[in-house]
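Novice: Got a predicted structure plus its sequence, pasted below:
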Amino acid sequence: MDCLECKNLEEVFESRVSKYNEARSAAYYRVSTELAAKKNVDMERARNDLEEHIKYRHYPPSSATSSRTSQHHVHV
């Protein structure tokens, strides 16, 4: 896709994957996994941001689905 936001989110995700892999391969990983775990969370957040952008920006819900969901009301 030629979407600038997609490209930016892909770059962020690739950077986070790289940092996570560096943290996992570091010698101190054997002693403390906390840094690797944080990098893993950062990587997963970046993946989620990219997937959500693609899903909602490039494949928005159909109008039939959104009109159906807007008709649902919560009764208390």
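Specialist: All right, it came through fine. This one's a predicted model, so the numbers in the text were calculated from it and none came from an experiment. Numbers count the residues shown, from 1 in each chain.

Novice: any idea how far Asp2 is from the nearest residue to Met43 once chain neighbours are set aside?
Specialist: Using C-beta to C-beta, 6 or more residues apart in numbering and skipping the chain neighbours, the partner closest in space to Met43 is Arg16 (4.1 Å). The way it works is simple: take the backbone N, C-alpha and C, and place the C-beta from them, glycine included. The gap separating Arg16 from Asp2 is 23 Å, by C-beta to C-beta, to the nearest Å.

Novice: and the two? which has more neighbours close in?
Specialist: Regarding Arg16 and Asp2, a neighbour count based on other C-beta atoms under 10 Å identifies Arg16 as having more, with 20 against 5.

Novice: pretty sure the more buried one is in contact with Lys39, am I right?
Specialist: Yes: between Arg16 and Lys39 there is a contact under C-beta atoms under 8 Å: 7.1 Å.

Novice: In contact with the residue positioned nearest the centre of the chain: list those residues for me.
Specialist: Geometric centre of the chain, nearest residue: Asn48, 1.6 Å, by C-alpha atoms, centre = their mean. Not one residue lies near Asn48 by C-beta atoms under 8 Å, 6 or more residues apart in numbering.

Novice: What strand or helix carries it?
Specialist: helix 34-53 (DSSP states H and E).

Novice: Repeat that for Pro61.
Specialist: Using DSSP H and E, Pro61 sits within no helix or strand.

Novice: Residues touching stretch 35-47, excluding its own?
Specialist: 9, 12-13, 15-17, 19-20, 22-24, 26, 28-29.
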